[in-house]
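**Q** this one's sequence-less:
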């Protein structure tokens, strides 16, 4: 029986652990938080069919309780060294593990919207991120703004921290557009009288049912999409917001009073990914995500033999893509161990 250590207990880590356990291996998951699930714990419903996150989380929990793999909570990796064909892994508390293979599944971080000062996040009361809104969309969430009233006019801003030279992230985060569409529809269902606007550069609806949901948002839910760049937001004395933008289709400036501004924040490589790269001796792309051996044929392989990659530590991914990439990683690890 071979021992595999997986760094990260999010969707990718647990899915990889489950598949490798089914293949007959001994698996240990190292998770820095007190619970598994990663960013999934902060979401309410998933696009494009509004699947409750609790459904996915319950499956992950079942795998954690029913499958015979270990999880070390609130634990981090200090260093990894290879010796005599094995990996010696130093973890929190000066403990050590020995493994035949390592899977890095450290996930991603959400862009810190405070870096876009012109939008006023954490400065103005009614500027929130898509992650903040997701919590408010839970059944007990409070969507009220000033004076305890529901917002009457809501604006979304796409590509906050993605495709943006100022933030240093030139890549597309892949899921922001469909997240905005999903959340706008959810708001319409909760606040049928509100006006809802989405400001976008261009909409990238790459997945199954994504384009249909976008059309549904316009035709069924009367959500208005404006191709335009938001330049700034300012707070008025009544806590409402004045936003300034350019309608890039007409070439005209635009001003709008709104009650709530939602920033659709992108994904970026987190500190956990950078530290994992440093401890494992593997490379990163210019974007900060982990570098794969070959983006076409070896997307689960790092540049170090025996160290594999799973999920959004390599690139922005949807939940569905993350699960598929994790299953692929488990298959590649199993094949590699069988050849040794």
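**A** On my side now, so go ahead. Computed from a predicted model, the values in this text were never measured in an experiment. Numbers count the residues shown, from 1 in each chain.

**Q** Tell me the spacing between residue 207 and residue 39.
**A** As defined by CB to CB, to the nearest Å, residue 207 lies at a distance of 18 Å from residue 39. For glycine as for every other residue, the C-beta is placed from the backbone atoms N, C-alpha and C.

**Q** Ok, residue 285 next?
**A** 20 Å.

**Q** Which one's more surrounded, these two?
**A** residue 39 (18 against 14; other CB atoms under 10 Å).

**Q** any idea how this structure splits into domains?
**A** In the domain annotation for the chain, the residue ranges read 3-108+269-339, 111-267 (automatic domain parsing).

**Q** Would you mind putting those domains into JSON lines with mean pLDDT alongside?
**A** Formatted as JSON lines, the domains of the chain follow (pLDDT from 0 to 100):
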{"stretch": "domain 3-108+269-339", "mean pLDDT": "94"}
{"stretch": "domain 111-267", "mean pLDDT": "95"}
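
**Q** Determine the longest helix present in the chain.
**A** The helix spanning the most residues in the chain, taking DSSP state H as the definition, is helix 319-339.

**Q** residue boundaries of the helices in the stretch 151-300 of the chain?
**A** If DSSP state H, counting those that start in this stretch is used as the criterion, the helices of the stretch 151-300 of the chain fall at 176-190, 210-219, 271-280.

**Q** Turn those helices into TSV, including distance to residue 261.
**A** Converted to TSV, the helices of the stretch 151-300 of the chain look like this (distance: least, CB to CB, whole Å):
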stretch	distance to residue 261
helix 176-190	12
helix 210-219	18
helix 271-280	27
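
**Q** Which among these is found nearest to residue 260?
**A** helix 176-190 (8.8 Å; CB to CB).

**Q** for the closest one, which positions count as buried?
**A** Neighbour-count burial for helix 176-190 flags 176-188 (criterion: 16 or more other CB atoms under 10 Å).

**Q** again with stretch 108-120
**A** Going by neighbour count (16+ other CB under 10 Å), the buried part of stretch 108-120 is 108, 109, 110, 111, 113, 115, 116, 119, 120.

**Q** Secondary structure and distance to residue 35 added to the residues you listed, as JSON lines?
**A** Formatted as JSON lines, the buried residues of stretch 108-120 follow (DSSP: H, G, I helix; E, B strand; the rest coil; distance: CB to CB, whole Å):
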{"residue": "108", "secondary structure": "coil", "distance to residue 35": "18"}
{"residue": "109", "secondary structure": "strand", "distance to residue 35": "17"}
{"residue": "110", "secondary structure": "strand", "distance to residue 35": "18"}
{"residue": "111", "secondary structure": "coil", "distance to residue 35": "23"}
{"residue": "113", "secondary structure": "helix", "distance to residue 35": "25"}
{"residue": "115", "secondary structure": "helix", "distance to residue 35": "28"}
{"residue": "116", "secondary structure": "coil", "distance to residue 35": "30"}
{"residue": "119", "secondary structure": "helix", "distance to residue 35": "31"}
{"residue": "120", "secondary structure": "coil", "distance to residue 35": "32"}
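
**Q** quick one: which of those residues is nearest residue 16?
**A** Using CB to CB, those come closest to residue 16 at residue 108, 16.0 Å.
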